[in-house]
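S.K.: sharing a sequence plus its predicted fold:
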Amino acid sequence: MSAHCASSPCIQNCHNQLAPLPCPKPLPCAVQPPHSPPPLTALAIASLPHPLDAQHIIGDRDARALRVDSVFQRFDRTDSPGCAVGVYQDGKILYARGFGMASLEFGVALSPRSVLDVGSISKQFTAMSILLLQKEGKLSIDDPIRKYIPEMPAYADGITIRRALSQTSGLRDLYIMMGQTGRTFAGDSVDALQAITGSVEPNYVPGARYLYTNSGWILAAQLIYRITGKTLAEFAEERIFHPLGMYDTRYLADVTTIIPNGAEGYAPARGGGFRVARSTYDGAIVGAGAVHTTVEDFNRWLNNYDSATIGGRDIIDLMTTATKLNDGSPATSGPTQAYAIGLSVGTLRGLRVVSHGGSWAGYRGHFLRFPDQRFAVSTFCNLTTSGPDSLARKVAGIYLNDKMQPDSATMWTASLAAAAMADVPAARLRSYAGNWRNEERGEVRRTRMVGDTLFSIGGERTRMVPLDGGRFRVGSGTEMRFEGDAAAPSQLLVKTTGETVTFVRVDTVALTAAALADYAGTYRSDEAHATHTWKVEKGALVVYANDRRQGVLEPAYKDGFTRAGTVIDVQRDSRGRITGYVLQAGRVRNLKFTRVR
């Protein structure tokens, strides 16, 4: 620690967790002289796992607040990142507190004034900016995007601004498209626009369905710049953040910007502990994300939904009304939820709710607003595995439980966790091993026997615990069940608290080295600006992009492969020769690659 840091009572108190308030300015010791060691080494951090007993707290620590503390107990320590929580009632902060560390490197604790990246929670601010321009007559959200961004392909004549802001546009997600290239990007608006405007077709007919994508929001930011001459960051500061007194809130338009009281993002490290999880993107995320704010500032924004100080009641109503699809049905985004304009609307345990989540780099966030109760919760976290949506629901239940319907989701999850293991013969378990496909979702599931134990194979191997009634418990909160002929089930049903998805059995194939060699070659997608090379290495088919190894292609069924959640269907001509493949990757559907050699 520098002499200046050591002599500052504010800095000493912050490091010792004794200050009733956080330092009003960035900690001087967070900026080290050249070659100066950080104030807390990894060893020192590891030796300080005790709770943060005196973090800055807003509101009374009544019985409900203490229950909130228990929800975040696993983060309440000095050797872990964590979350800041805000509980709001009638326009005021009822309770707010930080749990865990804003900076493990410098020993700075999270507080209600810690500034965190809230990811896609940013979309509502972008939506407000666009709707302010509509109110001024500078655009209509029913205008085609191509009116303002003429370099978009011709199909974009059928995509309105409204569709772009309601996840019903059909636009391919730019980040998945960029990920196909194997390249490292600058992450600016040039990269973003090239990825979006290079797309030759949409995922589906615009307005036909809901499918989350970030591309429309990047275009919205560009549209604002082209109409006003101001960046979205400048426009939002002038028209939203400053008027509402959100002085710790901004769009991060330059990733090199120093943010006072900014919290670092983290992810679990292999072997234990944590690693820094940063993004180098700025222009390629502004609009879809990039808002950095605090749970304290966020209260001022939530109040605007009631006061309509910014935008007026007509804009607020538009933002919180479910979007209609071409057939007149709502843009359903989940059980009891539909997408509006930058927000999800629906019900939670019988109460009307407006919500959104966010995820970017090492940050995760979620908020719930219950308009009829004038109550809200925000959970802004700096750890990839924090689960802020579940945390927010638990906090809301503490305060609104007497007004809510029974928490059937939690009860179901608890019942599943408590269910006794059934004795199922290994021979029966083997009949459940196979590959299972949901073609509409572009997903494949695998079940495999290892010894006498059945596993679900996804990003990792998870044991399938047999229960009564032919059910299986898979991890926490997932139930699987097989249907059809007992000797060879034809369907796999995967149930969570949110949905039940049906997968159909597809033939499992084991390819010889000669068969694998038939697939080896070079494939090109001009749309994605990507060239993939498939090679046989050590008996496996491996894909490279831009000479970077992407991973192993796992055979799933005849001419079908999977890799990291991506499903690939190889195409052949009438003579059986491989001509290319079609890729399904969640927010990108039917992306075509042609074999070039």
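M.R.: Perfect, thanks for sending it.

S.K.: ok, which stretches of the stretch 401-550 of the chain are helices?
M.R.: With DSSP state H, counting those that start in this stretch as the criterion, the stretch 401-550 of the chain has helices at 408-418, 426-430, 513-519.

S.K.: and residue 229, how many residues sit next to it?
M.R.: Residue 229 has 9 neighbours, counted by other Cβ atoms under 10 Å. Where you see a C-beta, it was placed from the backbone N, CA and C, and this is true even at glycine.

S.K.: mind checking pLDDT for it?
M.R.: If you check residue 229, the pLDDT there is 98.

S.K.: please apply the same query to residue 8.
M.R.: So residue 8 comes in at 33 (pLDDT).

S.K.: same question for residue 487.
M.R.: With respect to pLDDT, residue 487 scores 82.

S.K.: hey, what's the residue nearest to residue 510 when sequence neighbours are not counted bridged with?
M.R.: Nearest non-adjacent residue to residue 510, counting by Cβ to Cβ, 6 or more residues apart in numbering: residue 555, 7.2 Å away. Note on residue 555: beta-bridge partners by DSSP bridges are residue 561.

S.K.: for the stretch 201-350 of the chain, what spans make up the helices?
M.R.: Under DSSP H, counting those that start in this stretch, the stretch 201-350 of the chain gives helices at 215-228, 232-236, 242-244, 295-307, 313-319.

S.K.: so can I have CSV of the ones you listed showing distance to residue 66 and mean neighbour count?
M.R.: Shown next, in CSV, are the helices of the stretch 201-350 of the chain (distance: least, Cβ to Cβ, whole Å; neighbours: other Cβ atoms under 10 Å):
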stretch, distance to residue 66, mean neighbour count
helix 215-228, 39, 24
helix 232-236, 37, 23
helix 242-244, 31, 14
helix 295-307, 18, 21
helix 313-319, 34, 16
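
S.K.: a markdown table please, covering the ones you listed and showing distance to residue 273.
M.R.: Below are the helices of the stretch 201-350 of the chain laid out as a markdown table (distance: least, Cβ to Cβ, whole Å):
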| stretch | distance to residue 273 |
| --- | --- |
| helix 215-228 | 34 |
| helix 232-236 | 34 |
| helix 242-244 | 39 |
| helix 295-307 | 26 |
| helix 313-319 | 41 |
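
S.K.: and of those, who's closest to residue 269?
M.R.: helix 295-307 (26.6 Å; Cβ to Cβ).

S.K.: pull the residues that contact the closest one.
M.R.: 58, 84-86, 88, 91-93, 96, 112-113, 125, 240, 244-249, 293, 310-311, 316, 320, 354, 367, 369, 371, 374, 376, 378, 380 (Cβ atoms under 8 Å, 6 or more residues apart in numbering).

S.K.: next one: stretch 349-358
M.R.: Taking Cβ under 8 Å, 6+ apart as the rule, stretch 349-358 contacts 117-124, 289, 305, 320, 337, 340, 342-348, 364-373, 388-389, 397, 400, 403-407.

S.K.: buried subset of those, written for PyMOL?
M.R.: In PyMOL, a selection of the buried entries from the contacts of stretch 349-358 looks like this (16 or more other Cβ atoms under 10 Å):
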select buried, resi 117+118+119+120+121+122+123+124+289+305+320+337+340+342+343+344+345+346+348+364+365+366+367+368+369+370+371+373+388+389+397+400+404+407
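
S.K.: how close does the closest residue to residue 359 other than its chain neighbours get to residue 249?
M.R.: In this structure, residue 359 finds its nearest non-sequential neighbour in residue 119, 4.8 Å apart by Cβ to Cβ, 6+ apart. Distance, residue 119 to residue 249, using Cβ to Cβ, to the nearest Å: 14 Å.

S.K.: look at residue 534 and say how many residues are nearby.
M.R.: 22.

S.K.: could you do residue 357 as well?
M.R.: 18.

S.K.: wasn't it part of a strand?
M.R.: Yes: counting by DSSP: H, G, I helix; E, B strand; the rest coil, residue 357 is found in a strand.

S.K.: which residues does it form beta bridges with?
M.R.: With DSSP bridges as the rule, residue 357 is bridged to residue 366.

S.K.: end to end on stretch 220-234, go ahead and measure it.
M.R.: 14 Å (Cα to Cα, to the nearest Å).

S.K.: worst-scoring helix or strand of this structure, pLDDT-wise?
M.R.: helix 9-16 (a mean of 32; mean pLDDT, DSSP states H and E).

S.K.: okay, domains of this structure per the record?
M.R.: As assigned by automatic domain parsing, the chain contains the domains 1-39, 119-261+271-294+306-344, 419-506, 513-595.

S.K.: for residue 233, find the nearest of the helices of the stretch 401-550 of the chain.
M.R.: For the helices of the stretch 401-550 of the chain, proximity to residue 233 was assessed by Cβ to Cβ; helix 408-418 is nearest, at 38.0 Å.

S.K.: report the buried residues of the closest one.
M.R.: 409-410, 413, 416.

S.K.: can I get the residues you listed in JSON lines including distance to residue 454 and pLDDT?
M.R.: Converted to JSON lines, these look like this (distance: Cβ to Cβ, whole Å; pLDDT from 0 to 100):
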{"residue": "409", "distance to residue 454": "26", "pLDDT": "88"}
{"residue": "410", "distance to residue 454": "27", "pLDDT": "88"}
{"residue": "413", "distance to residue 454": "21", "pLDDT": "92"}
{"residue": "416", "distance to residue 454": "17", "pLDDT": "96"}
